[in-house]
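>>> how would this look folded up:
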Amino acid sequence: MRMLITLLAFSLAAIEAQASTGPSFDYDATRPVDVQLTEERGVTVRQLTYAQLDGTRCGATLVTGPGMERDGAPAVLFVHWYEPPRPTSNRTEFLAEAVELAAKGVTSLLIDTPWTAERWFPTRDSEKDYEASVQQVKDVRRALDVLMAQPGIDKTRVALVGHDFGAMYGALAAAVDPRVTAFVYMAGTSRFTDWFLFAPERAGAAKDAFIAKLAPLDPINYLPRISPRPVLLQFGTKDQFVKHEAATAMAEAIKGPKTVKTYEFEHELTYQARVDRVAWLKEQLKVR
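Here you go, the predicted structure:
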């Protein structure tokens, strides 16, 4: 026993000695860090702001690739979804796609929206949903102004891509703006009141009046007006916000060129949806 106690004491002393000396985390802080910036396949990503119609400034990301001055660049405007607290519930949602397209010479603009703010939906003034929606369509068209003002844009090859609210407002903008030559509608529903009635709740005559006021803006009435320009529609079969009946009705409303893709997933859609979307954009924009 005495020998065991002695050995334990010796071991503890050794551990304490090692802890007191320990490894050194010091290093030569005088060595230069030598930061070197590189471009990914010639792609450039810039952050900017621009003046909106109401005098405020909107944040955006401009992604450009090589060869635009020589060949003329196809262009894409991306309008993101609203799904807080997801980290992609802002203009970064489409950044990877924009970079991939830029490597092929496509210029993309990714914009902020009112729903970039996480608390936008529950804190909005629902009595002004109609007026705010009209203004948002104008703001999407304003973003097209910014995109088209970039040097070297080929104005005959311009796509608009929207997800969720971005799809719905994008549909209205594409319908009335002939500058859009191809449109992608991702997991938007057919009527704004399908979502605006989530909060605050309305019932009876107040609900009927609200639906009637917003009805002139229903995307299902604008999607057919995009024809004969091509449209890609993407829906999730497990989407709790966009039911199968609504998705089918929107697809059937379009009589012109259209491609309809469904995925066994929810409102976010899948990576395969991204692959299909990029391939469709390359085809429509005649990307080499």
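>>> F78: what's it in contact with?
Counting by CB atoms under 8 Å, 6 or more residues apart in numbering, F78 touches 91, 93-94, 97-98, 108-111, 161-162, 166. In this view, the C-beta of every residue, glycine as well, is placed from N, C-alpha and C.
>>> ok so it is a strand residue?
Yes. Membership of F78 in a strand is supported by DSSP: H, G, I helix; E, B strand; the rest coil.
>>> now do the residue lying closest to it once chain neighbours are set aside against T61, distance only.
Excluding its sequence neighbours, the residue lying closest to F78 (CB to CB, 6 or more residues apart in numbering) is F94, at 3.9 Å. Using CB to CB, to the nearest Å, one gets 9 Å for the distance from F94 to T61.
>>> do F78 as well
F78 is 9 Å from T61, by CB to CB.
>>> show me the helices in the stretch 51-200 of the chain, by range?
All helices of the stretch 51-200 of the chain, identified by DSSP state H, counting those that start in this stretch, fall at 68-71, 95-102, 120-123, 129-148, 165-176, 193-196.
>>> which stretch in those helices is the model least sure about?
Ranked on mean pLDDT, the bottom entry among the helices of the stretch 51-200 of the chain is helix 68-71, at a mean of 59.
>>> how many other residues sit next to R91?
For R91, the neighbour count with other CB atoms under 10 Å is 23.
>>> before we move on, what about D139?
Quick note: D139 (other CB under 10 Å) scores 23 neighbours.
>>> so it versus G170, what's the distance?
In terms of CB to CB, D139 sits 11 Å off from G170.
>>> now do P200
Distance from P200 to G170, by CB to CB: 26 Å.
>>> between those two, tell me which one has more neighbours.
G170 (28 against 11).
>>> enumerate every residue touching the more buried one.
Counted by CB under 8 Å, 6+ apart, G170 has contacts 77, 79, 140, 160-162, 183, 185.
>>> quick check, pLDDT for the residue nearest the centre of the chain.
Geometric centre of the chain, nearest residue: H80, 2.7 Å, by CA atoms, centre = their mean. Per-residue confidence at H80 stands at 98 (pLDDT).
>>> what's the answer for V158, then?
98.
>>> tell me the spacing between the closest residue in space to D154 that isn't next to it in sequence and L147.
Once flanking residues are discounted, D154 sits nearest to G72: 3.7 Å by CB to CB, 6+ apart. Distance from G72 to L147, counting by CB to CB: 14 Å.
>>> shared neighbours of those two, anything?
I153.
>>> these two: which has the busier surroundings?
For G72 versus L147, neighbours defined as other CB under 10 Å are more numerous around L147 (22 against 16).
>>> what about L48, which SS state?
Per three-state DSSP, L48 ends up strand.
>>> how about it, what does it touch?
59-62.
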